[in-house]
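Novice: Fold the stuff below for me.
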Amino acid sequence: MPNQALLFASNKKWDMLIDEDEDEDLQFNGPPVPRDMKYILFNIQRQRENFESIKAVAGKELINDVYARDPDTDTFWYVGKVAHVSDVPTDKAIARQWSMIEEHSARLRPAELYPKWGKLELWVAPGDSELDVAYCKPEIVFQQMSRDVDGAADVRSVEVGFAGELYENNEEGFRTVRTADGKAKMPEILSSVDRRQPTDAELDDMMEMLNSQVVSMEADI
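Specialist: Numbering: from 1, shown residues only. Model prediction:
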């Protein structure tokens, strides 16, 4: 039984993304959604708690960052993280939670991704690799996932987790431009902070610079 106070507090964070009264009206181009992966607060919170529990035990070894992409563009939006127990591979973890992750992506980026809900691509990167992605490290190559993976339906919801990205204080969101095979399009960014953890201010400046470069590239297309 989930903690009711936690659900109440969490609801304030999700109210810009989800309105359960809309469920009947929303349509998308995709297969039926498993009941335990419908985009409702109970399921969202359960999978977030699963994510935190798995991460607490396994660290980032069994964590992957997730990016969503409109297949007609080369912009990949960071939409959250998945976790899976050691017996469940990443592709099954994504496929099992696909409907929740895709709908979260569509709601998180209504202008860019919502129009392609049901046809979005999901890609993964190593866990907690946002900084390396932002620096365009060549060793970070995204892997495309599939909606349909043999055996994914047999994975129990408790064996996988998803922690969706949430925006606060009018955040722009993190995006990166990649090739069709998941490699960075822009050259590696070398910095004096390469060999240490950057401060929050340095990270904010770097993210702003990266997003500005992405906007410029998109304008040239």
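
Novice: Could you list the low-pLDDT ranges of the chain?
Specialist: Within the chain, the stretches with pLDDT under 70 are 1-30, 191-221.

Novice: rerun that using 90 as the cut-off
Specialist: Along the chain, the model assigns pLDDT under 90 to residues 1-32, 58-60, 168-172, 189-221.

Novice: Where is the longest strand in it?
Specialist: As assigned by DSSP state E, the longest strand anywhere in the chain is strand 75-84.

Novice: The helix or strand following that one packs against which elements?
Specialist: Next helix or strand after strand 75-84 toward the C-terminus (DSSP states H and E): helix 90-96. Here helix 90-96 touches strand 63-69, strand 75-84, strand 121-126, strand 160-164, going by 3 or more Cβ pairs under 8 Å, 6 or more residues apart in numbering; DSSP states H and E. For every residue, glycine as well, the C-beta is placed using N, CA and C.

Novice: Name the residues that touch helix 90-96?
Specialist: 37, 64, 66, 82-84, 88, 101, 122, 124, 143, 145-149, 151-153, 155, 157, 159-160 (Cβ atoms under 8 Å, 6 or more residues apart in numbering).

Novice: Out of the helices and strands packed on helix 90-96, which gets nearest to Pro187?
Specialist: strand 75-84 (17.1 Å; Cβ to Cβ).

Novice: counting contacts, what elements does that closest one pack onto?
Specialist: helix 41-58, strand 63-69, helix 90-96, helix 98-108, strand 160-164, strand 175-177.

Novice: Nice, that's everything, thank you.
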